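1. kindly return the folded structure for what I paste below:
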Amino acid sequence: MITVDKLRKEFKKTVKEPGLKGSVKSLFKPKSEKVVAVRDISFSVEEGEILGFIGPNGAGKSTVIKMLTGILTPTAGSCTINGKNPTQNRQSYVKEIGVVFGQRTQLWWDLPLRETYGVLKEIYEVPEDSYNRRMAFLNEVLELEEFIASPVRTLSLGQRMRADIAASLLHSPKVLFLDEPTIGLDVVVKDNIRKAIEYINRHEKTTVILTTHDLADIEQLSKRIVMIDKGTKVFDGSIAGLKTQYGQIRELTFETGVANAAAVLEYAKHFSLGEEDVSVETEGNVVKVRFNSAAVPVSDILSYTLNKVSVSDISVKDADIEEIIRRLYGQGAV
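-> Got it, this is the predicted structure:
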């Protein structure tokens, strides 16, 4: 469904020297430098797949999404979505995609939501009977009925996000781009939106590219992720593969009556570990130890802990994807 081949985007940035003299000089003899936002990225997405597209702020995620949606033209490389070039086949292409930018709405602020959908129906040339069936489906999945008669400006953030997702799906797109669809939402609304996206993907085979900083979205919805940093692809594979490759981090949690447990348990000194391989957090009687099981076995950590302090409850679990990626960013590995 989606093929991206050595996609590259460069921008020119004007460089101004400080002060009034610099301002005058840049006015008559402006200097510019080239900024490479995306560096020769390649990947493909199968029909009906949900791809998690992640990276730190400034990594180039939104730039890639804007090229895939036809908003920006690539400097080099190519991308095709369902056999179409987003910039060359612009008019026919946009009828086959849906886009949601979490911080921007495509809805008309003062119009009731129902009328907004009526306008979009005409823009996308959706037949009346298809529109009615589609609205019934979206009402069922996203629960729009309670606020569909309200002006968009009166909607809560959670209601507006559901409304935006419905607007992007009104014309039954083959590909859905979601850029931070759950940003700023509470836990219950986030869960409802995730379930709606999962339902639409499963029942309609809609291909989804999901960009988010909320890694719970990725873990619930996607089996595969593409991770980029500084415009370069640094990982492309399954979440299970990411955990296998980078997930030697374990988390030991226990309760103890020892007041200064963190001081008594000198993991780093005892096992000769660096800061990147062990960290200790204390909250009341609960101690959390994150450690690299490739550097020190779980059994050794457990034995040392039980010999040093009295423990009333203890558990060991694998680190979640958020912890793995936080660790990678902290090490500068990606």
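2. so where's the longest helix in the protein?
-> When the chain is parsed with DSSP state H, its longest helix is helix 187-204.
3. helices or strands up against that one?
-> Judged by 3 or more Cβ pairs under 8 Å, 6 or more residues apart in numbering; DSSP states H and E, helix 187-204 is in contact with strand 50-54, helix 128-142, helix 157-169, strand 175-179, strand 207-211, helix 215-221. Quick note: C-beta positions are derived from backbone N, CA and C, even for glycine.
4. give me the contact list for the host helix or strand of V24.
-> Assessed by DSSP states H and E, V24 sits inside helix 19-28. Helix 19-28 has contacts (Cβ atoms under 8 Å, 6 or more residues apart in numbering) with 14-17.
5. and of those residues, the nearest to F254?
-> Ranked by distance to F254 (Cβ to Cβ), these are led by V15 at 54.4 Å.
6. how about the closest one, phi and psi?
-> Here is the backbone geometry of V15 (degrees, to the nearest 10): phi -110, psi 120.
7. from K230, how far off is it?
-> For V15, the distance to K230 equals 20 Å [Cβ to Cβ, to the nearest Å].
8. grab the nearest non-local neighbour of the residue nearest the centre of the chain.
-> With distances taken as Cα atoms, centre = their mean, T212 lies nearest the centre of the chain, 1.8 Å away. Distances taken as Cβ to Cβ, 6 or more residues apart in numbering put E180 closest to T212, at 5.6 Å, once the chain neighbours are dropped.
9. circling back: contacts only, for the residue nearest to the centre of the chain.
-> Per Cβ under 8 Å, 6+ apart, neighbours of T212: 52, 54, 178, 180-183, 218.
10. spell out the residue ranges of the strands in the chain.
-> For the chain, applying DSSP state E gives strands covering 2-15, 31-45, 50-54, 76-81, 97-101, 175-179, 207-211, 224-229, 232-238, 249-256, 278-283, 286-292, 311-318.
11. could I get those strands as TSV with distance to L120, mean pLDDT and mean neighbour count?
-> Output for the strands of the chain, formatted as TSV (distance: least, Cβ to Cβ, whole Å; pLDDT from 0 to 100; neighbours: other Cβ atoms under 10 Å):
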stretch	distance to L120	mean pLDDT	mean neighbour count
strand 2-15	24	87	15
strand 31-45	25	87	16
strand 50-54	24	90	23
strand 76-81	20	90	18
strand 97-101	11	86	22
strand 175-179	15	89	23
strand 207-211	20	90	24
strand 224-229	30	87	22
strand 232-238	34	86	16
strand 249-256	46	86	19
strand 278-283	49	86	14
strand 286-292	48	86	18
strand 311-318	44	84	12
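12. columns distance to S42 on top of the helices and strands packed on helix 187-204, output as CSV?
-> Shown next, in CSV, are those (distance: least, Cβ to Cβ, whole Å):
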stretch, distance to S42
strand 50-54, 14
helix 128-142, 34
helix 157-169, 26
strand 175-179, 18
strand 207-211, 15
helix 215-221, 21
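13. and these: which comes nearest T256?
-> Judging these by Cβ to Cβ, what sits closest to T256 is helix 215-221, at 29.6 Å.
14. got the CA positions of that closest one in PDB?
-> Listed next in PDB are the C-alpha coordinates belonging to helix 215-221 (Å, rounded to 0.1, in the frame of the first residue of the first chain):
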ATOM      1  CA  LEU A 215       3.900   4.700  23.500                       C
ATOM      2  CA  ALA A 216       0.800   3.000  25.000                       C
ATOM      3  CA  ASP A 217      -0.900   3.900  21.700                       C
ATOM      4  CA  ILE A 218       1.900   2.000  19.900                       C
ATOM      5  CA  GLU A 219       1.800  -1.100  22.100                       C
ATOM      6  CA  GLN A 220      -2.000  -1.400  21.900                       C
ATOM      7  CA  LEU A 221      -2.400  -0.700  18.200                       C
END
